[in-house]
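>>> 3D model of this:
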Amino acid sequence: MEALEAEGLLPDGVSPARAGDLGWTADLARAIHVYLARTPSKLLMVQLDDLTGETHQANLPGSTTEYPNWRRRLSRSLAELREERSIRSQLMSIASERSQR
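Below you'll find the model as predicted:
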């Protein structure tokens, strides 16, 4: 959170001091992805679950039959994700940062 603040990427109203109280939002995801896009790394991967704001993980270590490991579906289809404005905006922000390197 402090790194995001230093880069001027924290969403409005977000304080590093209250990081433990934050929920996952599209604005926070964008800030983190833009921060990562600014790094000198040659490769940047984005977890689709982070773009979509999924709240249930795909794999729950330590479970075998209690949880549908690796079978959980995304909450929306790929066609729906392609049309979702917040996801498109996040991807455009990442592409913009990467093209400036």
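>>> Tell me which residue lies farthest from the centre of this structure.
Relative to the centre of the chain, the most outlying C-alpha is that of T65, 28.6 Å out, by C-alpha atoms, centre = their mean.
>>> After the helix-or-strand element of the chain with minimal mean pLDDT, which helix or strand is next?
Confidence across the helices and strands of the chain bottoms out at helix 48-52, with a mean of 87, counting by mean pLDDT, DSSP states H and E. Counting by DSSP states H and E, the next helix or strand C-terminal to helix 48-52 is helix 78-83.
>>> quick one on the thing from earlier: C-alpha coordinates for the least confident helix or strand of the chain, CSV please?
What follows is helix 48-52, C-alpha atoms only, in CSV (Å, rounded to 0.1, in the frame of the first residue of the first chain):
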residue,chain,number,x,y,z
LEU,A,48,-8.2,-13.4,-14.4
ASP,A,49,-9.7,-13.9,-10.9
ASP,A,50,-8.2,-10.6,-9.8
LEU,A,51,-9.7,-8.8,-12.8
THR,A,52,-13.1,-10.3,-12.2
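>>> Quick one: residues in contact with that helix.
24, 29, 32-33, 57-58, 74-76, 81, 87, 90-91 (C-beta atoms under 8 Å, 6 or more residues apart in numbering). In this view, the C-beta of every residue, glycine as well, is placed from N, C-alpha and C.
>>> repeat that for 7 Å
A29, L74, S75, R76, L81, I87, Q90 (C-beta atoms under 7 Å, 6 or more residues apart in numbering).
>>> do the same with stretch 34-44
A3, L4, E7, L9, S93, I94, E97, R98.
>>> May I see the PyMOL selection of the buried members of those residues?
Burial among those is assessed by 16 or more other C-beta atoms under 10 Å; the matching PyMOL selection reads:
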select buried, resi 4+9+93+94+97
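>>> Turn the contacts of stretch 34-44 into CSV, including pLDDT.
Output for the contacts of stretch 34-44, formatted as CSV (pLDDT from 0 to 100):
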residue, pLDDT
A3, 93
L4, 93
E7, 94
L9, 93
S93, 93
I94, 94
E97, 93
R98, 93
